[in-house]
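Trainee: Need coordinates for the below:
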Amino acid sequence: MNPLRWTCKSTRTLAAELRKQGFEVGASTVRELLGDLGYSLQGNRKTREGNDHPDRNAQFEHINARVKAKKRRGEPAISVDTKKKEKLGNTSKVGREYEPKRQPRKTDTHDVPVKEKGKAVPYGVYDRHRNEAIASVGVSSDTAEFAVSAIRMWWMRLGKKHYLSRSRLLITADSGGSNASRNRLWKLQLQLLADETGLIIEVCHYPPATSKWNKIEPRLFCHITRNWLGVPLETREIVVSNIGNTRTESGLEVDAWVDENVYQKGIEVAESQLSDCIIKRNKFHGDWNYEIHPRQDNESGNPVTYCRADPKILSFSIPNRFIPAHNVPFDSRHSLKSWSETANLRGPFRRILRSCLFTRMITLPATHIRTVIDRAIRWIGQ
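Mentor: Numbers count the residues shown, from 1 in each chain. So this is what the prediction gives:
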């Protein structure tokens, strides 16, 4: 008798099979006999993680030591990851919520994806020191460009406020996905972020098949999942609202928004582009642990920064190249946002400029920034 054919059957089925073989037995007797033999109904338990990497524990200790060092120095340490994609629509979700008696929320019978509604791709950034987090809800693909855009917005909204005087940032991430250790676009986008902010970005990847140990999972994602149990995610606004209302007794607060940019998949990074990045690998597992330093301007010695704007707002095409922001006719060491606030500009132009520069975060050559400034000044003069 093959046990695989019997242990998955109900006691009624087992009793019926035994009676066919000449035994007089009922379902309750079968249940008692199985208990005496040491059997019970059990579900599966996810415990097998595959083959462990020989340096798995050493990498955990390395990450822990780096996080502690950052905390002692008052430098930021963030944990990043992409949460499971959610299909938008009036579909049933696991869980329950309070509704008037005998008036349950009515949802679609079949959980068929609605192409018009699309999907929601939450990317989270969790501050390990301050117990704060942000979530950028994407509408297209989970790419490295999308991931670094979320990290950039965390720095602009929260990080700069608390760590403005610091020059280093630690990122702990998984070894796969949009922030994979082998992802060239991930490293290139981090290099651009380092150039823009002047930060030295240190990255520590968790070993393969250990994503559940990433701090953002138990500190943020599990609470988001609990917060929208039983709530149909019909629109992105509902997704953002549920994420933004996530709270814990330990004081966790989450800032969420929708990133409406469309990120292209399959972008290839040439070897020449990667070689231009300043990547300093750690002696211990340089493929998992490395630093990305901001590139310096050869003339001024200042970090190279880049102007960014929304191409949909501007009326001209954008060539596929980067031009350092120090070509813009104002001091590159100050952010464009600070310049737009302190310059002698009229209100409408200031708002337009800030919207262009900080809404979409798509690279724009500095020559086009000058064109925008010249056109706007002439428009104000009229």
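
Trainee: how about stretch 117-133: buried residues?
Mentor: With burial defined by 16 or more other C-beta atoms under 10 Å, the residues of stretch 117-133 counted as buried are 119-128, 130, 132-133. Just so you know, the C-beta spots here come from the backbone N, C-alpha and C atoms, and that holds for glycine as well.

Trainee: For it, measure first residue to last.
Mentor: With C-alpha to C-alpha, to the nearest Å as the measure, the ends of stretch 117-133 fall 26 Å from one another.

Trainee: re earlier: restricted to strands, list the buried residues of stretch 117-133.
Mentor: Secondary structure assignment (DSSP state E) places 119-127, 132-133 from the buried residues of stretch 117-133 within strands.

Trainee: Make a markdown table out of those residues and add distance to Arg19 and pLDDT.
Mentor: Putting those into a markdown table (distance: C-beta to C-beta, whole Å; pLDDT from 0 to 100) gives the following:
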| residue | distance to Arg19 | pLDDT |
| --- | --- | --- |
| Lys119 | 52 | 88 |
| Ala120 | 53 | 91 |
| Val121 | 55 | 93 |
| Pro122 | 54 | 95 |
| Tyr123 | 58 | 96 |
| Gly124 | 56 | 95 |
| Val125 | 62 | 96 |
| Tyr126 | 59 | 97 |
| Asp127 | 64 | 96 |
| Glu132 | 64 | 93 |
| Ala133 | 59 | 95 |
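
Trainee: Of those, just say which sits nearest to Val112.
Mentor: Taking C-beta to C-beta as the measure, Lys119 is the one of these closest to Val112, at 13.2 Å.

Trainee: That closest one pairs with what?
Mentor: Lys87 (DSSP bridges).

Trainee: next one: the one 5 residues further on
Mentor: Taking DSSP bridges, one finds Asp81, Ala135 as the beta-bridge partners of Gly124.

Trainee: Output whichever helix or strand Phe60 is part of as PDB, nothing but the C-alphas.
Mentor: Taking DSSP states H and E as the criterion, the element that holds Phe60 is helix 56-73. What follows is the C-alpha trace of helix 56-73 in PDB, where atoms were taken according to Å, rounded to 0.1, in the frame of the first residue of the first chain:
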ATOM      1  CA  ARG A  56      25.500  33.000   4.800                       C
ATOM      2  CA  ASN A  57      25.900  33.500   8.500                       C
ATOM      3  CA  ALA A  58      29.100  35.600   8.000                       C
ATOM      4  CA  GLN A  59      27.200  37.900   5.700                       C
ATOM      5  CA  PHE A  60      24.400  38.300   8.300                       C
ATOM      6  CA  GLU A  61      27.000  39.300  10.800                       C
ATOM      7  CA  HIS A  62      28.700  41.700   8.400                       C
ATOM      8  CA  ILE A  63      25.300  43.500   7.700                       C
ATOM      9  CA  ASN A  64      24.500  43.600  11.400                       C
ATOM     10  CA  ALA A  65      28.000  45.200  12.200                       C
ATOM     11  CA  ARG A  66      27.500  47.800   9.400                       C
ATOM     12  CA  VAL A  67      24.100  48.800  10.600                       C
ATOM     13  CA  LYS A  68      25.300  49.200  14.200                       C
ATOM     14  CA  ALA A  69      28.300  51.300  13.000                       C
ATOM     15  CA  LYS A  70      25.900  53.600  11.100                       C
ATOM     16  CA  LYS A  71      23.800  54.000  14.100                       C
ATOM     17  CA  ARG A  72      26.800  55.000  16.300                       C
ATOM     18  CA  ARG A  73      27.800  57.600  13.800                       C
END
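
Trainee: switch to numbering from 15
Mentor: Sure thing, new numbering starts at 15, so read that last one as helix 70-87.

Trainee: And the contacts of it?
Mentor: 67, 90-91, 142-143, 180, 182, 184, 186, 216, 218, 220-221, 224, 227, 298-299, 302-303 (C-beta atoms under 8 Å, 6 or more residues apart in numbering).

Trainee: Give me the buried subset of those.
Mentor: Buried by 16+ other C-beta under 10 Å: 67, 90-91, 142, 180, 184, 186, 216, 218, 220-221, 224, 299, 302-303, out of the contacts of helix 70-87.

Trainee: Tell me the one of the residues you listed nearest Ser24?
Mentor: Each of the buried ones among the contacts of helix 70-87 was scored against Ser24 by C-beta to C-beta, and Thr224 proved nearest at 37.9 Å.

Trainee: Check that closest one and give its pLDDT.
Mentor: For Thr224, the pLDDT comes out at 88.

Trainee: now swap in Ser154 and tell me
Mentor: The per-residue pLDDT of Ser154 was computed as 90.
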